[in-house]
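Enquirer: sharing a sequence plus its predicted fold:
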Amino acid sequence: MTTRRSRWLAAAGLALGLASGAQAQVPHPADRWEYAIEAGSTAKVKDNSPFDYRIAPFHLAWRSPAFWDIWQSSQGARLTVRHRISVLAEAISKGPETHYVAVQGAPVFELWAPDRRNAAFFEIGGGFGFLDSRGVTGGQGQDLAFNWYTQGGWRHQLTNDVAVTTALYFTHHSNLGMTDPNPGIDVLGVNFGVAWAFK
């Protein structure tokens, strides 16, 4: 009986040890591929067009694992850089155009707390896409339009696989002077997201 009990206790101890080891090996959220869905609301902030633009951006984004650790602390805080690629769809609720579809790329800087659950982030990048220009004075002069954006905010891990984000979001649209006049669009607002790590 004593031998049987000893074996059972040894097996239980081994199982607990393996479970603890597996938990310790859970990768840092910044070291995993992830995809995200983001949505927001923005309004015109510069008088480069007579129209009072209101734009709702929607992003389907992919982020790479961190490819560069700029800084690490002995307590576990990290400043990392990741790649981001996104497909952007904008609903233009106020303005002569109605929609814009584009692709974007950007680096993502993340300052992680030692708890691995919270991080401040900053992104800056751009891309190109197409909208439904109407040939209206003060509107966009052609369908092809480039975009530059930046957003900064906070992310919180609900679990090691799921995170939520909130950010201040700015974007600029331009046709790089291909038409004259070239009013462009500048809008500022908020952007919210949910991110899932790849299994």
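Expert: Looks like it arrived, so ask away.
Enquirer: list the buried ones in stretch 32-50?
Expert: Buried residues in stretch 32-50, counted by 16 or more other CB atoms under 10 Å: 32, 34, 36, 38, 40-42, 44, 48-49. Where C-beta positions appear, they are placed from N, C-alpha and C, glycine not excepted.
Enquirer: any idea of the mean pLDDT in that stretch?
Expert: Mean pLDDT, computed over stretch 32-50, is 95.
Enquirer: off-centre distance for that stretch?
Expert: Averaging C-alpha positions (CA atoms, centre = their mean, to the nearest Å) puts stretch 32-50 11 Å from its chain's average.
Enquirer: put the alpha carbons of that stretch into PDB.
Expert: Below are the C-alpha coordinates for stretch 32-50, written out as PDB (Å, rounded to 0.1, in the frame of the first residue of the first chain):
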ATOM      1  CA  ARG A  32       3.300  35.400 -31.700                       C
ATOM      2  CA  TRP A  33       1.600  36.000 -35.000                       C
ATOM      3  CA  GLU A  34      -1.800  37.600 -34.600                       C
ATOM      4  CA  TYR A  35      -4.600  39.000 -36.600                       C
ATOM      5  CA  ALA A  36      -7.000  41.900 -35.600                       C
ATOM      6  CA  ILE A  37     -10.200  43.500 -36.500                       C
ATOM      7  CA  GLU A  38     -10.400  47.300 -35.800                       C
ATOM      8  CA  ALA A  39     -13.100  49.900 -36.300                       C
ATOM      9  CA  GLY A  40     -13.300  53.600 -35.500                       C
ATOM     10  CA  SER A  41     -14.700  57.000 -36.200                       C
ATOM     11  CA  THR A  42     -12.900  60.000 -37.500                       C
ATOM     12  CA  ALA A  43     -13.600  63.600 -38.400                       C
ATOM     13  CA  LYS A  44     -11.900  66.300 -40.600                       C
ATOM     14  CA  VAL A  45      -9.200  68.300 -38.800                       C
ATOM     15  CA  LYS A  46      -7.700  70.500 -41.500                       C
ATOM     16  CA  ASP A  47      -9.300  72.900 -44.000                       C
ATOM     17  CA  ASN A  48      -7.800  71.400 -47.100                       C
ATOM     18  CA  SER A  49     -11.300  70.600 -48.500                       C
ATOM     19  CA  PRO A  50     -14.500  72.500 -48.200                       C
END
